[in-house]
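A.B. asks: Here is the input, now give the coordinates:
(chains A, B, C and D)
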Number of protein chains: 2
Amino acid sequence: MQEERRLAVLRAIVEDYVATEEPVGSKALVERHGLGVSPATVRNDMAVLEDEGYITQPHTSAGRVPTDKGYRLFVDRLTTVKPMSVAEKRAVSTFLDGAVDLDDVVQRSVRVLSQLTRQVAVVQYPTLSRSTVRHVELVALAPRRLLAVLILSTGRVEQRLVDLEADLDDDVLADLRLRVNQTATGQVIADAVTALRGLGDQPPTSPLAVYAAPVVEALADAMSDHRSDERIAVGGAANLARYGDSFDSAVRPLLEALEEHVVLLKLLGEATAGGMVTVRIGAEGPYEQLSATSVVATGYGPQDDALATLGVVGPTRMDYPGTMTAVRAVARYVSRILDEA
Amino acid sequence: MQEERRLAVLRAIVEDYVATEEPVGSKALVERHGLGVSPATVRNDMAVLEDEGYITQPHTSAGRVPTDKGYRLFVDRLTTVKPMSVAEKRAVSTFLDGAVDLDDVVQRSVRVLSQLTRQVAVVQYPTLSRSTVRHVELVALAPRRLLAVLILSTGRVEQRLVDLEADLDDDVLADLRLRVNQTATGQVIADAVTALRGLGDQPPTSPLAVYAAPVVEALADAMSDHRSDERIAVGGAANLARYGDSFDSAVRPLLEALEEHVVLLKLLGEATAGGMVTVRIGAEGPYEQLSATSVVATGYGPQDDALATLGVVGPTRMDYPGTMTAVRAVARYVSRILDEA
DNA sequence: CATTGGCACTCACCACCACGGAGTGCCAGA
DNA sequence: TCTGGCACTCCGTGGTGGTGAGTGCCAATG
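C.D. replies: So this is what the prediction gives:
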């Protein structure tokens, strides 16, 4: 079956190219992989593969390089799952177990992911929209100023300063606190917002009237703040230094993208649940300038309920199998930790 | 006075080199700056400056380049303060005024600072050690689990989960909350820790005994957590792309340093109060590998009480006057905002 | 018909060389 | 003390030829 061998050739080309960063020729191929055929045969196969668009040569008389389409075929049909070593697994779990709060979990995740993959890692904070309200605390700071603290099921804590029109009364504050919690606690964010809005419309006779409106306003603002849905952590930018060549074409736009969190989020794409890892290769992504970079991402969250996305950004020429297992593993560990908290 | 002219020559060399990134020769110098003397004279001056170690030539028959010592003299004696344009000022203030909480203030500061200087900006979060406790909130999450929220004068909010040995009683919790706040509120962190420790040692008969210890432990932990003193925000890494040449020598180590927050903090150095801007040029810094990068930093905080440091990291060849005023300005604005909050 | 060895061909890469130009150091004269 | 002149140094550029890895094609083979 030549068809099969052609795929074997493609796989060999991808693997060699990823390892050496250099166009791979027919001779080197048969030597390094035991293909059992002569270079000439391989050359014929390569000609076909090139016709079909899976590989190209940078210039005549150079070896072949996989195209985006080639990588695509490779990840779809040719990768064999690469299990993580025990040492790596242990490293991940012990490192992540030391986290003290959500911030810390996220920070450590980027770190471990970037070290594992030797690539740029990106972790999105659990989105507000899928969290439920765990508790609302109102703290008097000054006679006419209080701090509203919003504690969410995911461990996120948001705070807002609230300025009041009238001096604060302890009893009223306690009452307000109680009501707000009765209204919001346990609710999904979206529902909590609408429920709270109702609470804000107090009859002007009620002693709550003066306080409720601004407090509700602040809480609703904190809950629907898009800014906080865009929170992400980035790590491993130093790995970009390894690109060496292709600086302008690859590193520069990527560095710029790393600053633009909105761009990064779009790059990561929709969170996919259930251990599915998404791979976006080169020009498949939404940004032209990043046509030389690939994204390997997956969703994470307790009970495989994808709260947010996490992944790795790197050159199209990357170790897809290894990266995919690393991403999958980290997502699983993070999910477990969020489950416990 | 030749001495004076020599300094003028040095200044001109620095300015030209910063602008063009190329070694500057005697002829170009007299043309671009109205020095009123011939190239030959300038050459003599340059020979002297080279003898004294302020400039070098990369190779014979090339122009001159300032040395670290040359830059040092330049910033110490030759810079004229460069005021910010009105537009810039307005941009800074409006951009920073939109911040909703401390996190946001810090994020926006890095952003504006990196854009202003077109360099990598670093902002340290206000250190815990200099904050006072504003309020402690204890929130029951489950019968045997509560969340301790620590609100500090600087706007920082730290949280810790606390697991208990026995089920929670509302009254006891209220009592504990009251006591903790009485003990800690208003205190400087260090004092609060010791005071709280005292509170933890309850007679075993007291109903508080079971709860106080773990809560106090968690709070003390949050207060003395070194990790949180190392929190910083970094921005503008994309500006590194402009280095172009000198990639290995400058960009790579810097990228690595940006990941190591401890390193960055050491690089920023001690916070200096009262609008004083510190400049560290090349090898003056603590890291050999960063001998091609300079740091321009200053402290910030309400009432010029330096809570933390903020600054810019860039190539030794940078626009010192401009960077210094930008750093000073941002520090001032941030301080003012923290003052109001 | 797939596979193979052979062969001519194509280019990127490197080393070498020549040369123009920017910049210097030095010296003699103002 | 400054200036013009002059010889010198080297970097950068561009052209040239050789080498080698790699290819495509073809005829021969099982």
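
A.B. asks: Quickly list what residue A:158 is bridged to.
C.D. replies: Beta-bridge pairing for residue A:158 (DSSP bridges): residue A:150.

A.B. asks: So residue A:121: helix, strand or coil?
C.D. replies: strand (DSSP: H, G, I helix; E, B strand; the rest coil).

A.B. asks: again, but for residue A:34
C.D. replies: When classified by three-state DSSP, residue A:34 comes out as coil.

A.B. asks: report the angle between the axes of the longest strand along chain A and strand B:133-142?
C.D. replies: Ranked by number of residues, the top strand in chain A under DSSP state E is strand A:133-142. Angle, strand A:133-142 to strand B:133-142, by axes from the mean of the first three to the mean of the last three CA atoms, to 10 degrees: 160 degrees.

A.B. asks: buried ones in strand A:133-142?
C.D. replies: Using 16 or more other CB atoms under 10 Å in any protein chain shown as the test for burial, strand A:133-142 gives A:133-139, A:141. Bear in mind the C-beta positions are built from the backbone N, C-alpha and C, glycine included.

A.B. asks: okay, those residues in TSV with distance to residue A:325 and pLDDT next?
C.D. replies: As requested, the buried residues of strand A:133-142 are exported to TSV (distance: CB to CB, whole Å; pLDDT from 0 to 100):
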residue	distance to residue A:325	pLDDT
A:133	36	91
A:134	34	87
A:135	38	88
A:136	41	91
A:137	41	87
A:138	46	89
A:139	45	84
A:141	49	79
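
A.B. asks: Is stretch A:315-333 positioned near chain B?
C.D. replies: No. Using CB under 8 Å from any CB of the partner chain, stretch A:315-333 never reaches chain B; the gap is at least 15.8 Å.

A.B. asks: chain center to that stretch: distance?
C.D. replies: Relative to the chain's own centre, stretch A:315-333 is displaced by 12 Å; criterion: CA atoms, centre = their mean, to the nearest Å.

A.B. asks: same question, stretch A:171-181
C.D. replies: 38 Å.

A.B. asks: And stretch A:161-181, by the same measure?
C.D. replies: Taking CA atoms, centre = their mean, the mean C-alpha location of stretch A:161-181 is offset from the chain mean by 38 Å.

A.B. asks: What's the mean pLDDT across that stretch?
C.D. replies: The average of the pLDDT scores along stretch A:161-181 is 87.

A.B. asks: residues of it that come out buried?
C.D. replies: Residues of stretch A:161-181 classed as buried: A:162, A:164, A:168, A:172-173, A:175-177, A:179-181 (neighbour count, 16+ other CB under 10 Å).

A.B. asks: Rebuild the residues you listed as CSV, extending it with distance to residue A:282 and secondary structure.
C.D. replies: As requested, the buried residues of stretch A:161-181 are exported to CSV (distance: CB to CB, whole Å; DSSP: H, G, I helix; E, B strand; the rest coil):
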residue, distance to residue A:282, secondary structure
A:162, 48, strand
A:164, 55, coil
A:168, 58, coil
A:172, 60, helix
A:173, 57, helix
A:175, 59, helix
A:176, 54, helix
A:177, 53, helix
A:179, 54, helix
A:180, 49, helix
A:181, 50, helix
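
A.B. asks: I'd like the residues you listed written out as CSV, with distance to chain B added.
C.D. replies: Below are the buried residues of stretch A:161-181 laid out as CSV (distance: CB to the nearest CB, whole Å):
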residue, distance to chain B
A:162, 12
A:164, 16
A:168, 14
A:172, 18
A:173, 13
A:175, 16
A:176, 15
A:177, 11
A:179, 16
A:180, 13
A:181, 10
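
A.B. asks: Pick out the most distant pair among the residues you listed.
C.D. replies: With CB to CB as the measure, no two of these lie farther apart than A:164 and A:181, at 19.0 Å.

A.B. asks: Output the contacting helices and strands for the longest helix seen in chain A.
C.D. replies: For chain A, the longest helix by residue count, based on DSSP state H, is helix A:320-340. In this structure, helix A:320-340 makes packing contacts with helix A:86-97, helix A:102-117, strand A:293-300, strand A:308-315, judged by 3 or more CB pairs under 8 Å, 6 or more residues apart in numbering or on different chains; DSSP states H and E.

A.B. asks: Next to DNA strand C in this structure, residues from chain A, please.
C.D. replies: Counting by CB under 7 Å from any atom of the strand, the residues of chain A close to DNA strand C are A:2, A:5, A:36-38, A:40-41, A:44, A:59-62.

A.B. asks: hmm, 10 Å instead?
C.D. replies: A:1-6, A:22-23, A:26, A:30, A:35-45, A:48, A:57-62, A:245 (CB under 10 Å from any atom of the strand).

A.B. asks: filter the residues you listed to the buried ones?
C.D. replies: For the residues of chain A next to DNA strand C, a burial check counting by 16+ other CB under 10 Å picks out A:6, A:23, A:26, A:30, A:35, A:37, A:39, A:41-42, A:44-45.

A.B. asks: Chain A against DNA strand D: which residues are in contact?
C.D. replies: Near DNA strand D, when you scan chain A using CB under 10 Å from any atom of the strand, you find A:13, A:16, A:20, A:22-29, A:31, A:38-51, A:55-57, A:59-64.

A.B. asks: try 7 Å this time
C.D. replies: So far as CB under 7 Å from any atom of the strand goes, chain A lies against DNA strand D at A:23-28, A:39-40, A:43, A:46-47, A:50, A:57, A:60-64.

A.B. asks: give me the low-pLDDT residue ranges for the stretch 101-250 of chain A?
C.D. replies: Within the stretch 101-250 of chain A, the stretches with pLDDT under 70 are A:202, A:204, A:207-208, A:226-228, A:244-248.

A.B. asks: coming back round to it: which single one of the buried residues of stretch A:161-181 is nearest to residue A:96?
C.D. replies: Nearest member of those to residue A:96, counting by CB to CB, is residue A:181, at 31.6 Å.
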